[in-house]
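Q: Return atomic coordinates for the entry below.
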Amino acid sequence: MRTARLLVRHEMRLFASLVLWVVRRTHGAHGGQVFGYARGQGAMMSGLGFVCLVETLAMSVLLRDWPTAHAVFLFLDVYGIVFVVALHASSVVRPHVLDPDDGSLRIRRYVHVDLRVPLERIASVRRELRMTHERADGQLDVEVGARTTVTLELTEPVTHVTFFGRRRQVRIVRFHADDADGLVRALGGALGRARL
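A: Here you go, the predicted structure:
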């Protein structure tokens with residue numbers, strides 16, 4: 001029952017992101033500085049959407065003599081296309097947010113990851129391109145297109161809550177930003193002001 005609730009909530013948040021994307025609004029920025037990450041996956045998402053569209057057309061032709069099966073598969077295929085578009089929309093409207101007034105960096109990916117890192121817990125930030133990631137205790141890799149471009153090392157752990165509600169303590173966070181250099185500069189400036 002709990003899993004079903006989580007899945008329904010996930011779908012609703014995805015479709016809310018689609019609405020925000022259509023009306024050109026972002027979620028949770030509140031005056032902070034935003035850093036996108038969607039460009040790093042744009043080609044992949046476009047390719048996935050195209051494959052879903054081709055499959056929809058092919059299944060329509062193959063099942064034209066079976067109306068019930070055709071209707072079921074058409075619904076599922078159209079839903080799949082909308083899901084892919086909503087997934088991409090969620091990455092556009094839910095960027096990373098640096099908010100010095102709030103004293104946090106919010107690291108996000110789709111509607112799955114939303115990690116707030118207090119600025120006072122950041123020991124160091126650096127631009128670091130990584131294409132391979134091995135799971136390790138105390139590390140969180142928020143990959144986009146199988147890569148990360150920014151690495152944070154923390155003075156003390158923050159709690160990351162996974163999709164199914166499991167809690168993990170992390171001290172190293174790696175994530176992707178389209179303008180990684182700009183994010184590192186802005187975060188370095190915010191950290192300098194916070195430590196004065």
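Q: The helix or strand where Gly189 lies - contacts with which helices or strands?
A: Assigned by DSSP states H and E, Gly189 belongs to helix 180-194. Applying 3 or more CB pairs under 8 Å, 6 or more residues apart in numbering; DSSP states H and E, we find helix 180-194 packed against strand 33-35, strand 96-99, strand 122-130, strand 148-161. For the C-beta atoms, the positions are set from N, CA and C on the backbone; glycine is no exception.
Q: winner for burial among those?
A: The highest average neighbour count among the helices and strands packed on helix 180-194, using mean count of other CB atoms under 10 Å, belongs to strand 96-99 at a mean of 22.
Q: contacts for it?
A: 28-37, 105-108, 175, 177, 183, 186-187, 190 (CB atoms under 8 Å, 6 or more residues apart in numbering).
Q: let's go with 6 Å and repeat that
A: By CB atoms under 6 Å, 6 or more residues apart in numbering, the residues outside strand 96-99 that reach it are 29, 32-35, 105-108, 177, 186-187.
Q: Stretch 153-164 too?
A: Under CB under 6 Å, 6+ apart, the answer for stretch 153-164 is 112, 115, 117, 121, 123-124, 140, 167-172.
Q: Among those, name the buried ones.
A: Neighbour-count burial (16 or more other CB atoms under 10 Å) applied to the contacts of stretch 153-164 gives 115, 117, 121, 140, 170-171.
Q: which one in the chain is furthest away from the centre?
A: Asp65 (40.8 Å; CA atoms, centre = their mean).
Q: Check the spacing between it and Arg24 real quick.
A: Distance, Asp65 to Arg24, using CB to CB, to the nearest Å: 43 Å.
Q: cool, Arg168 as well?
A: 34 Å.
Q: what's the most centrally placed residue in the chain in contact with, if anything?
A: Among the residues of the chain, the one closest to the centroid is Arg109, at 1.3 Å (CA atoms, centre = their mean). Counting by CB under 6 Å, 6+ apart, Arg109 touches Val142.
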